[in-house]
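**Q** structure of the sequence below:
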Amino acid sequence: MKTYPIKTPSLLRALFPQYLWHVDNASRKVFLTFDDGPHRGVTDRVLDILKAEEVCATFFCVGYHAGENPDLIQRIRREGHSIGNHTYEHLNGIKTARDRYIDSVIRSEQHIESKLFRPPYGRITPGQGKALMKRGYKIVMWDILSGDFDSSQQVHQVVRNAVEKTRSGSIIVMHDSKKAAPRILPALPEIIGQLKSKGFEFGVL
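**A** Numbers count the residues shown, from 1 in each chain. As a prediction, the model looks like this:
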């Protein structure tokens with residue numbers, strides 16, 4: 001049973017206004033983001049869909065996977081997408097000491113040259129966030145969660161989650177992971193198509 005909010009509560013955004021939850025704009029632009037890759041057999045198929053739809057997105061990559069798949073990192077950049085850091089080994093900030101967490105982000109820099117950062121699971125302590133912002137990182141959260149990581153969700157539910165409450169400036173979270181692949185790969189073309197039909201354009205962070 002789903003126990004997470006699809007739309008990020010406004011109270012949470014208000015408690016941490018220093019993080020990017022939503023991008024104010026007047027052009028009906030939304031922002032597709034993918035976490036946890038790159039994974040061969042998934043990320044490349046996501047890129048194929050984005051290319052066919054002529055849409056760009058932002059990929060928050062795990063340093064370990066980036067090091068294993070440098071060709072996919074190169075393709076992401078070559079095709080006009082942006083890249084962010086997602087720690088080296090997908091750490092949960094709440095369960096990780098500050099210094100270890102920061103070291104993991106720094107370790108990822110050798111594979112991911114970016115000052116965009118998204119904490120895995122959305123979990124980060126105030127001390128970790130402050131330390132990363134002092135290093136020049138922009139911490140990117142989200143306001144729409146697709147639920148593609150949840151094996152109890154059907155493809156049509158993932159589509160509805162990603163589309164129903166999306167507004168101009170929404171940052172939508174999806175995953176280019178093997179766990180999410182059975183849902184996001186069939187859902188992604190439908191998500192893009194429905195958002196286009198609502199008049200949305202797509203931007204990168």
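**Q** what's the weakest-modelled helix or strand in the chain?
**A** When the helices and strands of the chain are scored by mean pLDDT, DSSP states H and E, helix 10-15 comes last with a mean of 89.
**Q** quick one: contacts of the longest helix seen in the chain?
**A** Counting residues, the longest helix found in the chain (DSSP state H) is helix 181-197. By CB atoms under 8 Å, 6 or more residues apart in numbering, the surrounding residues in contact with helix 181-197 are 30, 32, 39, 41-42, 45-46, 49-50, 52-53, 55, 146, 148, 150-151, 153-155, 158-159, 162-163, 166, 172, 174-176, 202. Placement of C-beta: from N, CA and C, glycine included.
**Q** restricted to strands, list these.
**A** Here DSSP state E is the test, and the contacts of helix 181-197 give V30, L32, I172, M174, H175, F202 as lying in strands.
**Q** pLDDT of stretch 75-88, averaged?
**A** Per-region confidence: stretch 75-88 scores 98 on mean pLDDT.
**Q** distance of G203 from G80?
**A** In this view, G203 and G80 are 11 Å apart by CB to CB, to the nearest Å.
**Q** on that earlier part again, what's the ChimeraX line that selects buried ones from the contacts of helix 181-197?
**A** A single ChimeraX command is used to select the members of those judged buried by 16 or more other CB atoms under 10 Å:
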select :30,32,39,42,45,46,49,50,55,146,148,150,153,155,158,159,162,163,166,172,174,175,176,202
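**Q** let's see which of the contacts of helix 181-197 end up in helices.
**A** Using DSSP H, R45, V46, I49, L50, A52, E53, V155, V158, V159, A162, V163 are the members of these that sit in helices.
**Q** ok, so of those residues, who is nearest G127?
**A** Nearest to G127 among the ones in helices among the contacts of helix 181-197: A162, at 32.3 Å, using CB to CB.
**Q** can you tell me how far the closest one is from H39?
**A** 20 Å.
**Q** and for E164, nearest residue in space, chain neighbours not counted?
**A** Using CB to CB, 6 or more residues apart in numbering and skipping residues adjacent in sequence, the residue nearest E164 is I6, 7.7 Å away.
**Q** what number of residues are in the vicinity of that neighbour?
**A** By the measure other CB atoms under 10 Å, the count of residues near I6 is 17.
**Q** could you measure from it over to R183?
**A** Distance from I6 to R183, by CB to CB: 14 Å.
**Q** related to what we said a few turns ago, the more surrounded of G203 and G80?
**A** Neighbours were counted for G203 and for G80 using other CB under 10 Å; G203 has more, 19 against 13.
**Q** just checking, that one touches V23?
**A** Yes - counting by CB atoms under 8 Å, V23 is a contact partner of G203 at 7.4 Å.
**Q** now do the shared contacts for those two.
**A** Residues touching both G203 and V23 by CB under 8 Å, 6+ apart: K29, F31.
**Q** could you check how many residues crowd around G122?
**A** Applying other CB under 10 Å, we find 18 residues neighbouring G122.
**Q** give me the number of residues near the nearest residue to it once chain neighbours are set aside?
**A** Distances taken as CB to CB, 6+ apart put M141 closest to G122, at 6.1 Å, once the chain neighbours are dropped. M141 is flanked by 19 other residues according to other CB under 10 Å.
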